[in-house]
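J.: give me coordinates for this.
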Amino acid sequence: MSGYNRQPWLKWDQIEKFLGQKLPFGEKGQTFLDNMTWVEGYVQDVLKKAADGFQNANIAGGKAAGTETFETHDHIIVHVKLPKEEDPRAMQVFVKSNQIKLTGFVNGKNQIIKLPSLVLPRTARVRYKTRTLQIQIRKRGLKEQYQEAYIRF
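T.: Here you go, the predicted structure:
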C-alpha cells in the first residue's frame, strides 16, 4: 500500500496544490512521513519570501524608511528615519488605535505602520530630531473601567 492510499482521508492533490509542488514520496512502500527531507527547502523558501515581503512593506518614496517600534509598559514608541530629500515640515502623522499613517512623502505615497497593541490616539506626541520622527503614544489600558449601559423600557 503506497503513502497515497494509507490515509484516504487526506486529500494529497489539494495539499500539493497549496504547496505549489508535487509531494516526494520516494521509494515504493515508503509513507509521506518517512521522507521529510524536502520540508527544509520548502520552509527556507517560505521564510525568504516572508522576509522580502517585510522589507517591501516599509518602503516610502521608493526608499526603505527605517522604522523601529519599541514597547514599554505604558507607551509605544516608533522611530522613523527619513531620507535627506524628505521635508519633515510637509509630513503629516495620523494615529488610529492600531496603526500610524505617514503622509507627505516626496513621491506622494503613504506609509502605514502597524502597532503591536492598541493605543489612545489622542495621546500621541511627535518629535523630529536629526532626520528621525519619534512618535510616542500611550497604550490603551488593559483594566479599563466598566461603563454602565442603561436599559430602556
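J.: only C-alpha atoms for contact and neighbour calcs from this point on.
T.: Will do.
J.: look up phi and psi at the nearest residue to residue 140 once chain neighbours are set aside.
T.: Closest residue in space to residue 140, ignoring its immediate chain neighbours: residue 119 at 4.6 Å, by C-alpha to C-alpha, 6 or more residues apart in numbering. Main-chain dihedrals, residue 119, degrees, to the nearest 10: phi -130, psi 170.
J.: residues near residue 119, how many?
T.: Residue 119: 22 surrounding residues under other C-alpha atoms under 10 Å.
J.: next one: residue 79
T.: Applying other C-alpha under 10 Å, we find 19 residues neighbouring residue 79.
J.: from residue 149, how far off is it?
T.: Per C-alpha to C-alpha, to the nearest Å, residue 79 is found 39 Å from residue 149.
J.: now swap in residue 85 and tell me
T.: 52 Å.
J.: where does this structure have its least confident helix or strand?
T.: strand 63-64 (a mean of 37; mean pLDDT, DSSP states H and E).
J.: residue 99 reaches residue 114, doesn't it?
T.: Yes - between residue 99 and residue 114 there is a contact under C-alpha atoms under 8 Å: 4.4 Å.
J.: what residue spans form the domains of this protein?
T.: Per automatic domain parsing, the structural domains of the chain span 3-56, 59-138.
J.: got the ones you listed as TSV, with distance to residue 153 columns?
T.: Listed next are those as TSV, based on distance: least, C-alpha to C-alpha, whole Å:
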stretch	distance to residue 153
domain 3-56	53
domain 59-138	34
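J.: hey, least reliable of these by pLDDT?
T.: Ranked by mean pLDDT, the domains of the chain bottom out at domain 3-56, which scores a mean of 66.
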